[in-house]
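*Asks:* Show me the folded form of this:
(2 chains)
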Amino acid sequence: MITYEWLYILAGSFFALWAVLSLLDRSNGKRLGNAAFWGLLAASFLLGSHLSDFANGLLVLAMVGIAGVGGLGRSDPETTTVAQRVDFSKLIGNRLFLPALIVPVTAVAGTLLYNYTPLFETGLFEERRETLILFGIGVVFALVAAMIWLKPPLLAPAEEGRRLLDSIGWAAILPQMLAALGAVFALAGVGDVIGGVAGTLIPENNILIGVIVFCLGMAIFTMIMGNAFAAFPVMAAAIGIPLLVEDYGGDPAVIGAVGMLAGFCGTLMTPMAANFNIVPAALLELKDQNGVIRQQIGTAIPLWFCNVAIIYIGAFLLWS
Amino acid sequence: MTDYLVLAGILIVVVGFALRFNPLLVVVVAAIVTGLFGGLDFVAVIEALGKAFNDNRYISVTWIILPVIGLLERYGLQHRARAVIESVRGATMGKLLVIYLLFRQVTAAIGMKDVGGHPQAVRPLVAPMAEAAAEKSHGDLPEDEREKVKAMSAATDNVGLFFGEDIFFAIASILLIQGVFESAGYPLTPLQLSVWAIPTAICAFFIHGSRILAFDRRLGLEKRRWPR
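*Replies:* I've put the predicted structure just below:
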């Protein structure tokens, strides 16, 4: 049976290769920090299942320590020039999009094929894990296809991947850390405490008000923190799971997915989300640094109401 | 009363992010404080954090797509995307931005969220094209209207990305949702979550699309009142 462990070995090998390439990259003044950070992440993927919880915890603290003191630098691996890229893109045309399509097609078609044919009986994939495993397989297919078709130097995919990874930097593990925070919240009983408080504040069994409070919390926390990812474990632990899922019996998939999107409406309205709202205003040389936000409010507010309605209908009316 | 102390972690996240401390540091401090107030000793907190991080490794698996995207960029993926956008030259500003909104949503939904973006596409391409198209239909624009056209171009990029990307299942936000719910005892699959991004994506297209077209119309109606 193919499990997540296979995927972790694949991803761990990628991170290990990136760590080695970082170490060898003398053009990056912080190459040791990059190598240590990606090396530790590789260790987590390759060995995490065999290490003790405490050792994994120390691994996390070490990674966070490196990132916290600004130990990661941005690398600049060799790549093609703009002029070469323009020439290639003219030569290749829109077929260039095709290798990227291999990944979602493999994952989605593979999932459907696996779940709705007798293939399911074979138990080839770990239960509920098939889509992400097929995503990994799709990535391998796409890489092989692109290598055969485009014939780049052997190390090119690794170096191009490192270029992109280093532009993301430590933020690459932020979603995973936030999910871990959600787990610690659950363990410490955060949801029980807030569920108790919210239960006294929200009129009993008023589902609509519960949904509105959840979506409002997602949007407001996102606006304060500038980040819907950070707001999510907080609001899920506070209201989404204890109140909407457990007390009111709503569909967790809708509440989770659309709750996040209610947070994205908040992202459209806050200067705290600088990359999306303030940086483009500067790039476009707008006189009003909030000019982009002003154009987004008119979309964000009605869309937020849509999200409330989608949760109310999808997670409750259609679900029960 | 001591129960309420476990909420300190929430406060730390909110204040820490708002004050722009390193987010990884904020999250770890919040987790440790929450665990300690929740009655765990220090070693148990580190163990809980280590286990939780380890259990959620699948979220960071998504980065294995970077070599594919990077390789295609090496051969001009972004220039190809530009050519697609440029092919609608000649359209009105409204039509151009609505097409860009759709392009951004669809490409993000199939996992190519880097073919657009502010430095790559909006500044060099979408904003200047929108400005030129608006001037072609409505004549010279006053400065503040010109600013609004540029701002609307950037807004369209954001809306298209935010409400397209979650349809792609192998993306951090979807897997974060999965991780948080799984830790709380509700196992979900990525596809189960990502299909529920579709209704909002459709609403976003119609709401933002109609606002773009209304903006273009308003420019047409108001142009008589502008000083020549």
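*Asks:* Check which helix or strand the nearest residue to residue B:105 once chain neighbours are set aside maps to.
*Replies:* In space, and not counting its chain neighbours, residue B:105 is closest to residue B:164: 3.5 Å by Cβ to Cβ, 6 or more residues apart in numbering or on different chains. C-beta coordinates here come from the backbone N, C-alpha and C atoms, glycine included. Per DSSP states H and E, residue B:164 falls inside helix B:143-165.
*Asks:* continuing past that helix, what's the next helix or strand?
*Replies:* helix B:172-183.
*Asks:* any idea of the mean pLDDT for the very next helix or strand once past that following helix?
*Replies:* Next along the chain after helix B:172-183, taking DSSP H and E as the criterion, comes helix B:190-194. Averaging pLDDT along helix B:190-194 gives 93.
*Asks:* elements contacting helix B:190-194?
*Replies:* helix A:130-150, helix A:252-267, helix B:172-183 (3 or more Cβ pairs under 8 Å, 6 or more residues apart in numbering or on different chains; DSSP states H and E).
*Asks:* Of the ones you listed, which is nearest residue B:123?
*Replies:* Taking Cβ to Cβ, helix A:252-267 is the member of the helices and strands packed on helix B:190-194 nearest to residue B:123, at 20.0 Å.
*Asks:* still on that earlier bit, which one of the helices and strands packed on helix B:190-194 has the most crowded surroundings?
*Replies:* With neighbours defined as mean count of other Cβ atoms under 10 Å in any protein chain shown, these peak in mean count at helix A:252-267, which reaches a mean of 28.
*Asks:* could you point out which element follows that helix?
*Replies:* Heading C-terminal from helix A:252-267 (DSSP H and E), you reach helix A:274-283.
*Asks:* before we move on, the earlier item: which among the helices and strands packed on helix B:190-194 is found nearest to residue A:30?
*Replies:* Judging the helices and strands packed on helix B:190-194 by Cβ to Cβ, what sits closest to residue A:30 is helix B:172-183, at 24.0 Å.
*Asks:* how about stretch A:281-294, does it get close to chain B?
*Replies:* Yes. Stretch A:281-294 is in contact with chain B by Cβ under 8 Å from any Cβ of the partner chain, via A:281, A:283-284, A:286-288, A:291-292, A:294.
*Asks:* List buried residues within those.
*Replies:* Buried subset of those (neighbour count, 16 or more other Cβ atoms under 10 Å in any protein chain shown): A:281, A:283-284, A:286, A:291-292, A:294.
*Asks:* buried set for the host helix or strand of residue A:20?
*Replies:* Element membership of residue A:20 [criterion: DSSP H and E] is helix A:4-24. Under the neighbour-count criterion of 16+ other Cβ under 10 Å, helix A:4-24 has A:4, A:6-8, A:10-12, A:14-19, A:21-23 buried.
*Asks:* and it, average pLDDT?
*Replies:* Rounded mean pLDDT across helix A:4-24 is 96.
*Asks:* what's it packed up against?
*Replies:* Using 3+ Cβ pairs under 8 Å, 6+ apart, helix A:4-24 sits against helix A:31-47, helix A:130-150, helix A:156-168.
*Asks:* now the angle from the helix or strand immediately after the first one in the chain to helix A:31-47?
*Replies:* It stands for helix A:31-47. Per DSSP H and E, helix A:31-47 leads on to helix A:53-68 as the next helix or strand towards the C-terminus. Between helix A:53-68 and helix A:31-47, the angle comes out at 150 degrees (axes from the mean of the first three to the mean of the last three Cα atoms, to 10 degrees).
*Asks:* mean confidence for helix A:53-68?
*Replies:* The model assigns helix A:53-68 a mean pLDDT of 96.
*Asks:* quick one: is it near chain B?
*Replies:* Yes. Using Cβ under 8 Å from any Cβ, helix A:53-68 comes into contact with chain B via A:53-61, A:63-64, A:67-68.
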